[in-house]
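**Student:** coordinates for the following, if possible.
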Amino acid sequence: MTSRQVLWGILCTLGASAFPATAAHAQADSAIAVAYRETANRIIQAATADSAAWERIALLTDTFGSRIAGSAALEQAIDWIVGQMKTDRLDSVRTQSATVPYWVRGKESAELVEPRHVNLPMLGLGGSIGTPPEGITAEVLVVSSFDDLHMRAGEAAGKIVLFDAPFTDYGATGRYRWRGAVEAARAGAVACLIRSITPFSISSPHTGEMAYDSTVTRIPAAALTIENAMMLHRMQNRGQQVVVTLRMEAARMPDAQSRNVMGQITGREKPDEVVVMGGHIDSWDVGEGAMDDAGGMVAAWQALRVLQQLGLHPRRTIRVVGWTAEENSGAGGAAYRDSLGTDVSRHVLAIESDGGVFRPLGFGFTGSDSALAILRQIGHLLAPIGADTVAKGGGEADIEPLMRAGVPGVGLYTDGDRYFWFHHTQGDMVTVLDPADVARCAAAMAVLAYVVADMPGELPK
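**Tutor:** Here you go, the predicted structure:
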């Protein structure tokens, strides 16, 4: 179905059938505004009337703490969500199995031995192997980039390589976390350290997933704080010998079983057509995973609750999902996509929040230009909360499998200036989230999901 057909359908429902088809795009904004402005305002008012979403994030994270894939805490949290969704009287509350990796951190430490003794705050990187029980004591070679390492590769054998790469953006700087151990091992290093992937630190190390390559030896990998990475770099630049002892009990355990968790409002006319929204329910094993990503999952859940409480029953089904194992495999998103088979074509839109539920600015969209035009018109309904921008290009990891299958995808955009301050750290607690911002995020997702689910015509693909 074309965008013109969709918009023409909306116009017809408004008694505007006399408008010529060529004027459909020009009239689209007023058509959607007339059809949904009052309802959108009701949704926004209800969603922002209290701090229910924030309170539920706090209850979830304070009760179960961090929820790394494979852990008992994650499965206990999922059981709790199932119970709460049933109490909320959502439709079709259920879980969906997924096989996930299970990595255990164990005890760990990093100690500067020369030129002085001091404990260095650190976090092992997810998926890393451990050290021998006595640890690894070796001289440190500090480099600024992969190119710097390649130029100094002759100096790396038998040493611990530290990548002191300043943060630019997550994609560019994150490659040192992902590929650092491979490049260091290729140069003959015995372990890899990285400067934490963050623009700001108060002596706070950041963890996250790393990778190995079967063509080189696996070596332990961990993150230091910005402050200490820079300190070791200064020491080296002065000509001082830098020696560190790294101890890590990290181990990859046998794969475990986990679950996606979901509930929905079933569509009144087209129940097999689905708008899905959510976030991931797992986290790293530090902090409480409130920002990343219990907040995103609960805000989507709250969006659905608000629609239900207002008695809004759209034409299509709106489903909320808490995906599992996003942090270290994406197994939950893949399992959800695989469960649909050929029915994936019945998903009309996938929405995910995984950028921190800070003040919402709007959405990023990946799909057809005609669908983008419609979403921008829906975005105008969110002007009262400042979330009316809909930009081209967006989506998050859990909905990528759906997007690869042709489902249009949306990521919630927020004012995330502080996101990477707390990302994958002990500081990811509910206190970094503002209750009013969380409520606005729930409102934004509720309006977008409802209008797309209720429009007479399907969002064009």
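**Student:** for L412, helix, strand, or coil?
**Tutor:** Of the three states, L412 takes strand according to DSSP: H, G, I helix; E, B strand; the rest coil.
**Student:** now it. Nearest residue, chain neighbours left out?
**Tutor:** Distances taken as C-beta to C-beta, 6 or more residues apart in numbering put S353 closest to L412, at 4.1 Å, once the chain neighbours are dropped. (Each C-beta comes from the backbone N, C-alpha and C, glycine too.)
**Student:** show me the contacts for the one you found.
**Tutor:** Applying C-beta atoms under 8 Å, 6 or more residues apart in numbering, we find S353 in contact with 277-279, 293, 295-297, 299-300, 396, 411-412, 441, 445.
**Student:** what about 7 Å?
**Tutor:** 279, 296, 299-300, 412, 441, 445 (C-beta atoms under 7 Å, 6 or more residues apart in numbering).
**Student:** so which of the residues you listed are in helices?
**Tutor:** Using DSSP state H, the members of the contacts of S353 that fall within helices are 296, 299-300, 441, 445.
**Student:** export those to TSV and tack on pLDDT?
**Tutor:** TSV is the format used below for the ones in helices among the contacts of S353 (pLDDT from 0 to 100):
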residue	pLDDT
G296	98
A299	98
A300	98
C441	98
M445	98
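**Student:** now the phi/psi pair for the residue nearest to L412, please.
**Tutor:** Note on S353: backbone dihedrals following degrees, to the nearest 10 are phi -110, psi 110.
**Student:** on the pLDDT front, check it for me.
**Tutor:** Confidence at S353, expressed as pLDDT, is 98.
**Student:** and it, how far from I219?
**Tutor:** As judged by C-beta to C-beta, to the nearest Å, S353 and I219 stand 36 Å apart.
**Student:** same deal with A371?
**Tutor:** To I219, A371 is 46 Å away according to C-beta to C-beta.
**Student:** please apply the same query to V348.
**Tutor:** 46 Å.
**Student:** quick one: which of the ones in helices among the contacts of S353 is nearest to M455?
**Tutor:** Of all the ones in helices among the contacts of S353, M445 has the smallest distance to M455: 16.3 Å, by C-beta to C-beta.
**Student:** give me the element the nearest residue to the closest one once chain neighbours are set aside is part of.
**Tutor:** Excluding its sequence neighbours, the residue lying closest to M445 (C-beta to C-beta, 6+ apart) is A303, at 4.3 Å. Assigned by DSSP states H and E, A303 belongs to helix 295-309.
**Student:** quick check: angle from the helix or strand just after that helix to helix 295-309?
**Tutor:** As assigned by DSSP H and E, the chain's next helix or strand after helix 295-309 is strand 316-323. Strand 316-323 and helix 295-309 are oriented at 150 degrees to each other (axes from the mean of the first three to the mean of the last three C-alpha atoms, to 10 degrees).
**Student:** buried sites along strand 316-323?
**Tutor:** 316-323 (16 or more other C-beta atoms under 10 Å).
**Student:** next one: stretch 206-217
**Tutor:** Under the neighbour-count criterion of 16+ other C-beta under 10 Å, stretch 206-217 has 206-210, 212 buried.
**Student:** which ones among those residues lie within helices?
**Tutor:** With DSSP H as the criterion, helices contain none of those.
**Student:** let's have those residues in JSON lines, adding pLDDT and distance to A184.
**Tutor:** Below are the buried residues of stretch 206-217 laid out as JSON lines (pLDDT from 0 to 100; distance: C-beta to C-beta, whole Å):
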{"residue": "H206", "pLDDT": "98", "distance to A184": "18"}
{"residue": "T207", "pLDDT": "98", "distance to A184": "18"}
{"residue": "G208", "pLDDT": "98", "distance to A184": "17"}
{"residue": "E209", "pLDDT": "98", "distance to A184": "17"}
{"residue": "M210", "pLDDT": "98", "distance to A184": "11"}
{"residue": "Y212", "pLDDT": "98", "distance to A184": "11"}
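**Student:** check the gap between E249 and I68 for me.
**Tutor:** From E249 to I68 the distance is 15 Å (C-beta to C-beta).
**Student:** looking at the two, which one has more neighbours?
**Tutor:** Taking other C-beta atoms under 10 Å, E249 and I68 do not tie; I68 has more neighbours (24 against 14).
**Student:** wait, the more buried one sits on D285?
**Tutor:** Yes - the pair I68 and D285 qualifies as a contact (C-beta atoms under 7 Å) at a distance of 4.2 Å.
**Student:** what's the single longest helix in the chain?
**Tutor:** helix 24-47.
**Student:** check which helices and strands it sits against.
**Tutor:** Contact here means 3 or more C-beta pairs under 7 Å, 6 or more residues apart in numbering; DSSP states H and E; on that basis helix 24-47 packs against helix 3-13, helix 295-309, helix 369-379, helix 435-454.
**Student:** picking that back up, as TSV, the buried residues of strand 316-323 with distance to M429 and pLDDT would be great.
**Tutor:** Shown next, in TSV, are those (distance: C-beta to C-beta, whole Å; pLDDT from 0 to 100):
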residue	distance to M429	pLDDT
R316	36	98
T317	34	98
I318	30	99
R319	29	98
V320	23	98
V321	24	98
G322	19	98
W323	22	98
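**Student:** closest to T389 out of those?
**Tutor:** When the buried residues of strand 316-323 are compared for distance to T389 (C-beta to C-beta), I318 wins out at 22.4 Å.
**Student:** next, work out how far apart the residue nearest to L412 and M277 are.
**Tutor:** 8 Å.
**Student:** show me what contacts the residue positioned nearest the centre of the chain?
**Tutor:** What sits nearest the mean C-alpha location of the chain, by C-alpha atoms, centre = their mean, is D354, with 3.0 Å. Going by C-beta under 7 Å, 6+ apart, D354 touches 279-280, 293, 296, 396-397.
**Student:** please name the nearest non-neighbouring residue to it.
**Tutor:** Closest residue to D354 in three dimensions, ignoring its sequence neighbours and counting by C-beta to C-beta, 6+ apart: E396, at 4.2 Å.
**Student:** hang on, that neighbour packs against Y413?
**Tutor:** No - at 11.0 Å, E396 does not count as touching Y413 under the criterion of C-beta under 7 Å.
**Student:** pretty sure R37 is touching L381, no?
**Tutor:** Yes - using C-beta under 7 Å, R37 makes contact with L381 at a distance of 6.3 Å.
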